[in-house]
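J.: Pasting the sequence and the predicted model now:
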Amino acid sequence: FAENATARAAVSAEEQKTALLRWAKLVVRQYAPVPRNLTSSFADGSAFLFVIHHYAPEILERQRIHTETSAALAKCKDHDSLQRIIKADAKPAKASSAASAASAAGANLMCFSPTNTMASAAKVVAKRERNNFRLLHKKIAQLGDIPPLVSYSE
């Protein structure tokens, strides 16, 4: 009897990781790309946030989660896809006149030049990732202060 209990309790770490990844895929797949592993797929904080949103949507709205992060940037193949990544969070400003509307539109457009390319995009997505982790820490505290495993400053 004791041997059976020990055998059941001795689930390997690999089996635990496999089960955790399978569960994460089931939860996250309806919101974002399906996690492929427990490292890079969780590196931007969005998968963690989607889990929280799934179980507690009243404390975390879907639109607050940034998904255009380094994982999306790594998949950029051309100028247009890079531009979409950078502009993902841009919100058009409300303007009261045609002149201020033109000014607001110009502020939201990214001008691509040798100094405003992948390096600029990397800064934008790094900021989004930091924001995801700040949001994650805030929502974990709301849920009951689960000890954080990763600092958003890392």
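T.: Looks like it came in fine. Residues are numbered from 1 along each chain as shown.
J.: okay, and the helix or strand of this protein with the least pLDDT?
T.: helix 98-108 (a mean of 41; mean pLDDT, DSSP states H and E).
J.: helices or strands next to the next helix-or-strand element following it in the packing?
T.: Using DSSP states H and E, the helix or strand that follows helix 98-108 towards the C-terminus is helix 118-143. With contacts taken as 3 or more C-beta pairs under 8 Å, 6 or more residues apart in numbering; DSSP states H and E, helix 118-143 sits against helix 46-55, helix 70-74, helix 79-87. All C-beta spots, glycine's among them, are computed from the backbone N, C-alpha and C.
J.: ok, Leu60 - how many residues close by?
T.: 22 (other C-beta atoms under 10 Å).
J.: OK, contacts around it?
T.: Neighbour list for Leu60: 49, 52-53, 135, 139 [criterion: C-beta atoms under 8 Å, 6 or more residues apart in numbering].
J.: pLDDT weak spots in this protein?
T.: Within the chain, the stretches falling below the threshold (pLDDT under 70) are 1-10, 90-116, 145-154.
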